[in-house]
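Visitor: only the shape, not the letters, is given here:
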């Protein structure tokens, strides 16, 4: 729901996603989930594109962390020891888990490079 006035505030608060226009009433701005700062509906395209980009990044980070942990945790637990006689020292396992967290964080920081779609 997109609205800008007092009469829209109830619908904005009940909607799954309420989007207020920044030049609208204070009530509409307070109850909305998102706010378009300019009085221009082309900002909706940017909002939808940004939300899709963030969701893709969340899914990528989840897939990366899940895959990494799927491989790293058994190795850290010693699954290779009976086969190859090789164990993973606790310090190395800790560093590997920290590296996984840093990788996910850096992937999220890449969202700072987001550029809105061009409007025609």
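Guide: It's in. Here the structure is a predicted model, which is why all the values come from computation and not from measurement.
Visitor: from now on I want contacts and neighbour counts done on CA atoms only, so please keep to that.
Guide: Will do.
Visitor: quick one: residue 39 from residue 31, how far?
Guide: For residue 39, the distance to residue 31 (C-alpha to C-alpha, to the nearest Å) stands at 18 Å.
Visitor: can you give me the strands for the chain?
Guide: Counting by DSSP state E, the chain has strands at residues 2-3, 19-21, 34-36.
Visitor: tell me the most buried of those?
Guide: Taking mean count of other C-alpha atoms under 10 Å as the contact definition, the stretch among the strands of the chain with the greatest mean neighbour count is strand 19-21, which reaches a mean of 25.
Visitor: which other helices and strands contact that one?
Guide: strand 2-3, helix 26-31, strand 34-36 (3 or more C-alpha pairs under 8 Å, 6 or more residues apart in numbering; DSSP states H and E).
Visitor: so for that strand, mean pLDDT?
Guide: Looking at strand 19-21 alone, the average pLDDT works out to 90.
Visitor: in CSV, list the strands of the chain along with distance to residue 79.
Guide: Conversion of these to CSV gives the following (distance: least, C-alpha to C-alpha, whole Å):
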stretch, distance to residue 79
strand 2-3, 54
strand 19-21, 51
strand 34-36, 48
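Visitor: quick check: which ranges of the protein have low pLDDT?
Guide: By pLDDT under 70, the weakly predicted segments of the chain are 119-120.
Visitor: more crowded one of residue 39 and residue 31?
Guide: Each of residue 39 and residue 31 has its neighbours counted (other C-alpha atoms under 10 Å); residue 31 has more, 19 against 13.
Visitor: roughly how far apart are the residue nearest to that one when sequence neighbours are not counted and residue 21?
Guide: Counting by C-alpha to C-alpha, 6 or more residues apart in numbering, the nearest residue to residue 31 once its immediate chain neighbours are dropped is residue 13, at 5.3 Å. Distance, residue 13 to residue 21, by C-alpha to C-alpha: 14 Å.
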